[in-house]
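Asks: attaching a predicted model along with its sequence, questions to come.
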Amino acid sequence: MKVLVVGGGWAGVSSAISARKAGAEVHVFEKTDLLLGLGNIGGIMRNNGRFTASEELIELGSSELMEICDNNSKHKNIKFPGHEHASLYDVTSIEPDVKKLLLDMGINLHLITRVTDIDQTDKSIKGIHLSSGEYIEGDVIIETTGSTGPMGNCQRFGNGCAMCILRCPSYGPRISISERAGVKDFSGERNDDKLGAFSGSCEVAKDSLSEELKEVLEKEGVAVLKVPPEDVNYGKLEAKVCQQYALKEFAENIVLLDTGHAKLMTTYYPLEKLRKIPGLEKARYVDPLAGSIGNSIRYLSVAPRDNNMRVIGVDNLFCAGEKSGLFVGHTEAMCTGALAGHNAVRLALGIPLLTLPSSLCVGDLISYANERSKTREGRKTRYTFAGSDYFNRMKSLNLYSTNVEEIKNRVRKVNLDGVFNQKLI
């Protein structure tokens, strides 16, 4: 049985691990030379409800990626505005560890390999075409290509980017596998009738900070600096992907997190104004290089799917990560990816697909975001364990917990402990 995973971000690698553990031959196709995608500039784990989701995922039998994140986290149990008990993994060191894990598991990696088209019969995808001209057949396809298009889309729906971690000019644009298969994707919306949303942060070179500020950041993991009153801009908050950081504190302050680089928690910030703030007089953007005026635009291509992560309208296509909903974050990508990979093997075997129950926050997020995406108001919302609408729901349903034994018992109660470790073939 051959499972083809298109996209090597957090959702793609999680899908690949899950499918491989279930017994399939797995191939991952990633257009760039790095796995993890946006995970190479992310780094925030276990904050707020993500702690609960992480422990659920571990108990479900998908612990490998969480262990790598924990092992690469220099800062643990830190607090910053609106967020508790966060871990910050080092974005400069984590990708090789993930790559080694996949190779050690026998997963086939195809880097600098862009998918350009599919071969389809009726409602089933038979294989994928690569930019090299090669054709690869597969039994089940998992699309984890994200929701961001080429540079032109970033300029059309936002302020554009000079070059971000997606690196569209170098490696070519993504395509939508689901749309090639005849499915109509949908987009996230904003209150001003624009589509998509800005990526929520920028990366500043840590060496460009003052020695005093760098020392604070490396010791504490977080630094909060006041924005001059004349430069406070509340209007930008609504444009952010990461609505869990759309708090007034993030407009009134510069919030820096130590993720290897200095993670600046804003969509963009004029460099001239940034350098007015003590400690940032020589600040320089690492990603995107247009951090003074713009960032990448996401949520332009989301596939309709069921709660088993199967794309509606295609018999053998699954999706995960941002391709599967208006999700925000690495944890969310890992959760949807683990379920997609496991169910891909179940589908090929002809056995019932797994639906995670709403008594688990992982299952509830998947079903809640799916239902809400059918409404326009729901398409304006972003779904994350870490804040905003869904974290409030977690708390109201008593799904949020930091008690590890309580979380484990929740999974055991529905007889799903270790389900993603089951070898099905």
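Replies: That came through fine.

Asks: so what does the helix or strand harbouring Arg20 touch, helix or strand wise?
Replies: With elements delineated by DSSP states H and E, Arg20 resides in helix 10-21, which encompasses its position. Helices and strands touching helix 10-21, by 3 or more C-beta pairs under 8 Å, 6 or more residues apart in numbering; DSSP states H and E, are strand 2-6, strand 25-30, helix 64-71, helix 94-104, strand 140-143, helix 330-349. Placement of C-beta: from N, CA and C, glycine included.

Asks: and the next element down the chain from the last one?
Replies: Past helix 330-349, further along toward the C-terminus, the next helix or strand under DSSP H and E is helix 361-372.

Asks: which neighbouring elements make contact with that next one?
Replies: The contact analysis (3+ C-beta pairs under 8 Å, 6+ apart) places helix 361-372 against helix 49-60, helix 330-349, helix 376-379, helix 388-396.

Asks: let's go with 10 Å and repeat that
Replies: Contacts defined by 3 or more C-beta pairs under 10 Å, 6 or more residues apart in numbering; DSSP states H and E place helix 361-372 against helix 49-60, helix 330-349, helix 376-379, helix 388-396, helix 404-413.

Asks: tell me which of these sits most buried.
Replies: By mean neighbour count, with neighbours taken as mean count of other C-beta atoms under 10 Å, helix 330-349 ranks first of the helices and strands packed on helix 361-372 at a mean of 28.

Asks: average pLDDT for that helix?
Replies: For helix 330-349, mean pLDDT rounds to 98.

Asks: equivalent analysis for stretch 89-99, please.
Replies: 97.

Asks: what about it, how long is it end to end?
Replies: Using C-alpha to C-alpha, to the nearest Å, the span of stretch 89-99 from its first residue to its last is 16 Å.

Asks: buried ones in that stretch?
Replies: Of the residues in stretch 89-99, those buried by neighbour count under the rule 16 or more other C-beta atoms under 10 Å are Tyr89, Asp90, Val91, Ile94, Glu95, Val98, Lys99.

Asks: check stretch 350-365 too.
Replies: Across stretch 350-365, burial judged by 16+ other C-beta under 10 Å covers Leu353, Leu354, Leu356, Ser358, Leu360, Cys361, Val362, Gly363, Asp364, Leu365.

Asks: and the helix or strand of the chain with the lowest mean pLDDT, how far from the chain's centre?
Replies: Least confident helix or strand, the chain: helix 249-252 with a mean of 82, by mean pLDDT, DSSP states H and E. Its chain's C-alpha centre lies 23 Å from the corresponding centre of helix 249-252 when counted by C-alpha atoms, centre = their mean, to the nearest Å.

Asks: show me what it is packed against.
Replies: Taking 3+ C-beta pairs under 10 Å, 6+ apart as contact, the helices and strands that helix 249-252 lies on are strand 222-226.

Asks: so for the strand it packs on, what gets flagged as buried?
Replies: In strand 222-226, residues buried by neighbour count (16+ other C-beta under 10 Å) are Val222, Ala223, Val224.

Asks: pLDDT on that strand, on average?
Replies: 95.

Asks: chain center to that strand: distance?
Replies: Shown here is strand 222-226, whose average C-alpha point lies 25 Å from the average C-alpha point of the whole chain (C-alpha atoms, centre = their mean).

Asks: over to stretch 25-32?
Replies: Relative to the mean C-alpha coordinate of its chain, stretch 25-32 is positioned 17 Å out (C-alpha atoms, centre = their mean).

Asks: cool, stretch 161-173 as well?
Replies: 17 Å.

Asks: what about that stretch, start to end distance?
Replies: For stretch 161-173, the first and last residues are 14 Å from each other (C-alpha to C-alpha).

Asks: neighbours around the closest residue to Gly106 other than its chain neighbours, how many?
Replies: Distances taken as C-beta to C-beta, 6 or more residues apart in numbering place Arg20 nearest to Gly106, at 6.7 Å, with adjacent residues excluded. Neighbourhood size, Arg20 [other C-beta atoms under 10 Å]: 22.

Asks: in contact with Arg20, which residues?
Replies: Contacts for Arg20 were tallied using C-beta atoms under 10 Å, 6 or more residues apart in numbering; they are Val3, Val5, Val26, Val28, Leu102, Met105, Gly106, Ile107, Asn108, Gly341, Val345, Lys423.

Asks: and for Glu134?
Replies: For Glu134, the contacting residues are His110, Thr113, Ile128, taking C-beta under 10 Å, 6+ apart as the criterion.

Asks: kindly report the same for Asn108.
Replies: For Asn108, the contacting residues are Lys2, Leu4, Val5, Ala16, Arg20, Glu25, Val26, His27, Val28, Phe29, Leu102, by C-beta under 10 Å, 6+ apart.

Asks: before we move on, what about Cys319?
Replies: By C-beta under 10 Å, 6+ apart, the contact set of Cys319 is 6-7, 11, 15, 141-145, 177-178, 183, 185, 302-305, 309-311, 325, 336-337, 340.

Asks: and it, what are its bridge partners?
Replies: With beta bridges defined as DSSP bridges, Cys319 has these partners: Glu143.

Asks: where's it relative to Asp90, distance?
Replies: Distance of Cys319 to Asp90, given as C-beta to C-beta, to the nearest Å: 29 Å.

Asks: contacting residues for Ile68?
Replies: Under the criterion of C-beta under 10 Å, 6+ apart, the neighbours of Ile68 are Val13, Tyr89, Ile94, Glu95, Asp97, Val98, Lys100, Leu101.

Asks: got the domain boundaries for the protein?
Replies: Split into domains by automatic domain parsing, the chain comes to 2-193+298-421, 197-287.

Asks: just the buried residues of the contacts of Asn108.
Replies: Judged by neighbour count, with 16+ other C-beta under 10 Å as the criterion, the buried members of these are Lys2, Leu4, Val5, Ala16, Arg20, Glu25, Val26, His27, Val28, Phe29, Leu102.

Asks: which of those residues sit farthest apart?
Replies: Lys2 and Leu102 (15.9 Å; C-beta to C-beta).

Asks: re the thing from before, including distance to Asn409, could the helices and strands packed on helix 10-21 go into JSON lines?
Replies: Written out in JSON lines, the entries for those read as follows (distance: least, C-beta to C-beta, whole Å):
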{"stretch": "strand 2-6", "distance to Asn409": "32"}
{"stretch": "strand 25-30", "distance to Asn409": "32"}
{"stretch": "helix 64-71", "distance to Asn409": "19"}
{"stretch": "helix 94-104", "distance to Asn409": "28"}
{"stretch": "strand 140-143", "distance to Asn409": "31"}
{"stretch": "helix 330-349", "distance to Asn409": "19"}
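
Asks: Gly294 is nearest to which of these?
Replies: Gly294 sits nearest to helix 330-349 of all these, at 23.0 Å, using C-beta to C-beta.
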